[in-house]
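**Student:** have a look at this fold, sequence not included:
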């Protein structure tokens, strides 16, 4: 026993973290917040994709080649028309992916909130949601990559048209290279960001299924007051 007359024999117990209940693992908080953030981003992607489809449909009938168009302008308009036509051809698949994301994104948010509250059902729900999202990202990424590959030959054809009509200048060639380079960047981006998300989903689902994580949830469940 301490010889200090001012010491409180219960102070160590009162200031112990366990005195206020079990501690929430920091990784659980990180996984939950990640799920909520990615869910919100998913909903924003759905909204942006829907607006893009509407704008694409509206612009498709408005793009016509003016009589005084230069060869470069004519080629650009025709290229945009062909890209829009390609997008319209795969519109049903695009709508399916948007619909699936519209379902999965709120599931991420719901699972993230429930897991943040150390709810066992929320943890299991979030694991299944992560696994579903891995399959979704693999299929959608393959589709988007294929769609981008379909667009690349259109830029080469556009350059050939400009050269054939004798309208190619240094500035025109620079625009063509920049446009094709942007498409190539889109190809890489179509692989990198989904790959990052797939890794995060896989690691997060694995962590939530670990025995030590389940034990942490069990401690929280045991610490909850029983309801009569």
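**Tutor:** On my side now, so go ahead. Remember, it's a predicted structure, so these values are computed and weren't measured experimentally.

**Student:** make it CA atoms for all contacts and neighbour counts henceforth
**Tutor:** Noted.

**Student:** what stretches of the chain score poorly on pLDDT?
**Tutor:** Residue ranges of the chain with pLDDT under 70: 1-21, 57-73, 75, 156, 159-173, 175-177, 179-180, 225-228.

**Student:** center of it, which residue is that?
**Tutor:** Per CA atoms, centre = their mean, the C-alpha nearest to the average position across the chain is that of residue 42, at 5.4 Å.

**Student:** what are the ranges of the helices in the chain?
**Tutor:** 11-14, 26-60, 71-89, 91-116, 120-164, 170-208, 211-223 (DSSP state H).

**Student:** helices or strands next to the longest one in the packing?
**Tutor:** When you say that, I think you mean helix 120-164. helix 71-89, helix 91-116, helix 170-208, helix 211-223 (3 or more CA pairs under 8 Å, 6 or more residues apart in numbering; DSSP states H and E).

**Student:** just the ones you listed: most buried one?
**Tutor:** Mean neighbour count (mean count of other CA atoms under 10 Å) peaks for helix 91-116 among the helices and strands packed on helix 120-164, with a mean of 19.

**Student:** so what does that helix touch, helix or strand wise?
**Tutor:** helix 26-60, helix 120-164.

**Student:** OK, contacts around the closest residue to the residue nearest to the centre of the chain other than its chain neighbours?
**Tutor:** The shortest distance from residue 42 to any non-neighbouring residue, by CA to CA, 6 or more residues apart in numbering, is to residue 105 (5.3 Å). By CA atoms under 8 Å, 6 or more residues apart in numbering, the contact list for residue 105 reads 38-40, 42-43.

**Student:** switch to 10 Å and redo it
**Tutor:** Shown in contact with residue 105 (CA atoms under 10 Å, 6 or more residues apart in numbering): 35-46, 111, 129, 133.

**Student:** rewinding a little: list the contacts for the residue nearest to the centre of the chain?
**Tutor:** 36, 48, 98, 101-106, 108-109.

**Student:** and it, how far from residue 81?
**Tutor:** In this view, residue 42 and residue 81 are 28 Å apart by CA to CA, to the nearest Å.

**Student:** for residue 194, same thing?
**Tutor:** Separation of residue 194 from residue 81 (CA to CA) stands at 28 Å.

**Student:** ditto for residue 95
**Tutor:** Going from residue 95 to residue 81 by CA to CA gives 20 Å.

**Student:** returning to what we had before: any idea which of the contacts of residue 105 is closest to residue 190?
**Tutor:** residue 45 (13.8 Å; CA to CA).

**Student:** what sits against the closest one?
**Tutor:** Residues near residue 45 by CA under 10 Å, 6+ apart: 39, 51, 98, 101-102, 105.
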